[in-house]
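In: Here is my input; please provide its structure:
(one chain, ligands or ions: 1)
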Amino acid sequence: MSIPAQAQERADALRELLHHHNYRYYVLDQPEIPDAEYDRLFRELQELEARYPALATPDSPTQRVGGAVLEGFAKVRHQVPMLSIRTETDIEPSGAISFDARVRRELGLQEGEPPVEYVAELKFDGLAISLRYEHGVLVQAATRGDGEVGEDVTQNIRTIGQVPLKLQGAHVPPVLEVRGEVYMRRDDFERLNEQQREKIARGAKNEKTFVNPRNAAAGAVRQLDPAIARQRPLSFYAYGWGEIAGGPAFRTHYEVLQAMKGWGVPVSDRVAIAHGAEDLVKYHQAVGQARDSLPFDIDGVVYKVNSLALQQRMGFVTREPRWAVAHKFPAQEQMTVVESIAVYVGRTGKLTPVAHLKPVFVGGVTVTNATLHNEDEARRKDVRVGDTVIVRRAGDVIPEVVAVVPDKRAHGAKPFAMPHVCPVCGSAVVREEGEVDHRCTGGLFCSAQRKFSILHFAQRRAMDIEGLGEKLVDQMVDQKVIRTLPDLYRLGLSGLVALERMGEKSAQNLLAALEKSKHTTLPRFLYGLGIRHVGESTARDLALHFGGLDAIMDADIERLLEVPDVGPVVAESIHAFFRERHNREVIEQLRACGVHWEEGEPAARAPKPLTGKTVVLTGTLPTLTRDEAKDLLEAAGAKVAGSVSKKTDYVIAGAEAGSKLDKANELGVPVLDEQGLRELLDGRA
Ligand code: IVH
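Out: Here you go, the predicted structure:
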């Protein structure tokens, strides 16, 4: 049969592509395309070669099992070849039914004869390893390689805590080859990548992040430097065996797994016996539902005929057993296209770039967005509009762009850059030194931060507006009853009672609370503005140092740095906040609405309110931690002591206060609660 030129060309192109991706995957551990895409190309070539057998050259990627032997590791010839396993093409639950039907046919079972007994297992997504034990001692660990010859990775495998160096218990066979999967847990993977990102950020060369846990595991196992391999957290599960000499006689696959478990080898608790297709379908469904909550990636389940005698009867086709099949789940990685990159503003003003994707079905759901986290991440991955990217969704982790496919980049695609002004409110965007995030500086004005800033303003430690909680703020903002802070003080009874679940009585209470809050102190007001890095203690320092708000608003960085405990980052943040015209307008309006406080003298002339006082803290305060209370007291000039004596000026007691409270009462030392502490700090006591 003559081969059409087109088929010849396509086969050549596919072979070249597959060689390239094989190398990226197996040698560099740096795939450029998801597995699903590789499989598609591989199948296309297989189909072409099946149609035109003359096309199949000996060097075709279809002619080997995959996995080159690395230079640098000794080669190991497997005593019993490490086989591959057939994949059921039907990914629906019905795939289990076709497998069972095939097994029954091959075993010559008639309808009405009892169901076949299977073992159902997880299909771990890592890499296959053979562990050779002689007289119970681990003597060698090898990768699969091409199935006949693998690599000796004993040193690296010995670093995996879960792999027993010595088997325990009775009847350990003199020779036992345990076969199983080395994998990396998802949490370990996230932590490793976090460390890698930090190294890269610190300027380390030759470091990279890993695309997925399997890649990270493969990289660690085949790491030539055992010191590095040791730092990579790996795990292991056994699912089979190679050579077994001596030891007990086994009848079933399940028995062998349980015996191995008894000898100290990790075997998953999710290994189950199943009778007939019905049980297999149930298993597939149950595992599919549990998939996201497992601590590691699986790419499907595996069904195996349990009886070893039946396994033997069925035998192999080429290098795959007829008695086992892999039944996959939807792939956790897919390729798609970045249609645009939008920047979102969070409730605290943080800017997050998000890639809008051409919808893609990955990990069982349709994904249309993936976060790029921050500018550094977006740059490191170099994701650009129009790029073809690999998207990964595994477990509860939100979908992520893990890599760009470089070959598919359009000419002229521009690198991503963060905007200089807030996409929501137009205020200036800043990135603080040493921080990864960009932030909008229009805290009081930006509608993205509206709810957050109102709640912060209203809280007890700030303006103390009783009754203005999260639900109410949500409702008022969503229904556009209030837009900015000053609107709070323009609320009328009729506007409030129109809200859901708001009676006239509670509306009146809220109005009274608002009215009361107008008379405040400068530290509370300053803290309530929600300036980044300005907590209660800094607010108090600022108020003490400058005496009045206008002086703070007009201070340059140098003047701000004169305030005790205010460093460059804090000074910069205060300065940027008051430079933003929008914020100043909001403050002016608040004052116009009647918000007021008594301004004092600048610090040089006014002593701190608690200078010379000794205070003791005991018990648990309702909102302040022990450290926060101590900071506040010290900022106000007090000395915080550990025990109560006649010299103690105040004891601040919270819940479950003990002997210190008794002592205070005994000595007649004034005892205050958190409210009293606040009044003391404000100089109101
Ligand atoms: S059995 C003779 N069981 O999937 C059958 N394989 O080709 C040998 N895998 O290379 C494989 N979990 O790395 C088997 N429970 C499991 C498995 C499993 C993961 C991997 C293994 C193998 C590949 C299938």
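In: For burial, what's the neighbour tally of the nearest residue to Met82 once chain neighbours are set aside?
Out: What sits nearest to Met82 in space, not counting adjacent residues and going by C-beta to C-beta, 6 or more residues apart in numbering, is Arg144, at 4.4 Å. The C-beta positions use only the backbone N, C-alpha and C, and glycine is treated the same way. Using other C-beta atoms under 10 Å, Arg144 has 22 neighbouring residues.
In: shouldn't Arg144 be in contact with Gly150?
Out: Yes. With contacts counted by C-beta atoms under 8 Å, Arg144 reaches Gly150, the gap being 5.3 Å.
In: Check the secondary structure at whatever residue of the stretch 201-350 of the chain ends up closest to the ligand for me.
Out: Scanning the stretch 201-350 of the chain for the residue nearest the ligand gives Tyr239, at 3.5 Å (criterion: C-beta to the nearest ligand atom). State at Tyr239, reduced to three classes by DSSP: H, G, I helix; E, B strand; the rest coil: strand.
In: so it touches Gly180, yeah?
Out: Yes. Assessed by C-beta under 8 Å, Tyr239 is found in contact with Gly180 at 5.3 Å.
In: list residues touching both of these two?
Out: Phe124 (C-beta atoms under 8 Å, 6 or more residues apart in numbering).
In: Which residue of those two possesses the greater neighbour count?
Out: Between Tyr239 and Gly180, counting by other C-beta under 10 Å, Gly180 is the more crowded of the two (25 against 22).
In: Up against the ligand, what does the stretch 151-300 of the chain have?
Out: Proximity of the stretch 151-300 of the chain to the ligand (C-beta under 6 Å from any ligand atom) is limited to residues Glu181, Tyr239, Gly240.
In: Across the sheet, point out what pairs with the last one.
Out: With DSSP bridges applied, the residues forming beta bridges to Gly240 are Arg179.
In: Quick one: residues contacting it.
Out: Per C-beta under 8 Å, 6+ apart, neighbours of Gly240: Arg179, Gly180, His253.
In: Up against the ligand, what does this structure have?
Out: So the chain meets the ligand at 83-85, 121, 123-124, 128, 181, 239-240, 302, 321, 324, 326 (C-beta under 6 Å from any ligand atom).
In: export those to JSON lines and tack on secondary structure?
Out: Below are the residues of the chain next to the ligand laid out as JSON lines (three-state DSSP):
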{"residue": "Leu83", "secondary structure": "coil"}
{"residue": "Ser84", "secondary structure": "coil"}
{"residue": "Ile85", "secondary structure": "coil"}
{"residue": "Glu121", "secondary structure": "strand"}
{"residue": "Lys123", "secondary structure": "strand"}
{"residue": "Phe124", "secondary structure": "strand"}
{"residue": "Ala128", "secondary structure": "strand"}
{"residue": "Glu181", "secondary structure": "strand"}
{"residue": "Tyr239", "secondary structure": "strand"}
{"residue": "Gly240", "secondary structure": "strand"}
{"residue": "Val302", "secondary structure": "strand"}
{"residue": "Pro321", "secondary structure": "strand"}
{"residue": "Ala324", "secondary structure": "strand"}
{"residue": "Ala326", "secondary structure": "strand"}
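In: Now for those: which two are most distant?
Out: Maximum pairwise distance among those (C-beta to C-beta): 17.7 Å, between Phe124 and Pro321.
In: more neighbours, the two?
Out: Neighbours were counted for Phe124 and for Pro321 using other C-beta under 10 Å; Phe124 has more, 25 against 17.
In: wouldn't the more buried one be in contact with Ser235 here?
Out: No. In terms of C-beta under 8 Å, Phe124 does not count as a neighbour of Ser235; the distance is 9.1 Å.
In: Okay, the residue in the stretch 401-550 of the chain positioned nearest to the ligand and Val389: tell me how far apart.
Out: Residue nearest to the ligand within the stretch 401-550 of the chain: Val402 (21.4 Å; C-beta to the nearest ligand atom). Val402 is 8 Å from Val389, where distance means C-beta to C-beta, to the nearest Å.
In: tell me the SS of Asp541?
Out: Counting by three-state DSSP, the backbone at Asp541 sits in helix.
In: swap in Asp631?
Out: With three-state DSSP as the criterion, Asp631 reads helix.
In: residue contacts, it?
Out: Asp631 touches Ser537, counting by C-beta under 8 Å, 6+ apart.
In: Name the spans of the protein whose pLDDT lies under the cut-off.
Out: Residues of the chain meeting the criterion pLDDT under 70: 1, 26-29, 58-59, 63-71, 603-607, 684-685.
In: Quick check, central residue of it?
Out: Val397 (5.3 Å; C-alpha atoms, centre = their mean).
In: list the buried ones in stretch 258-272?
Out: Ala259, Met260, Lys261, Trp263, Gly264, Val265, Pro266, Val267, Ser268, Arg270, Val271, Ala272 (16 or more other C-beta atoms under 10 Å).
In: what's the span of that stretch, first residue to last?
Out: 11 Å (C-alpha to C-alpha, to the nearest Å).
In: In three-state terms, label the residue lying closest to Asp187 once chain neighbours are set aside for me.
Out: Spatial nearest neighbour of Asp187, chain neighbours left out: Pro295 (6.6 Å); criterion: C-beta to C-beta, 6+ apart. What three-state DSSP gives for Pro295 is coil.
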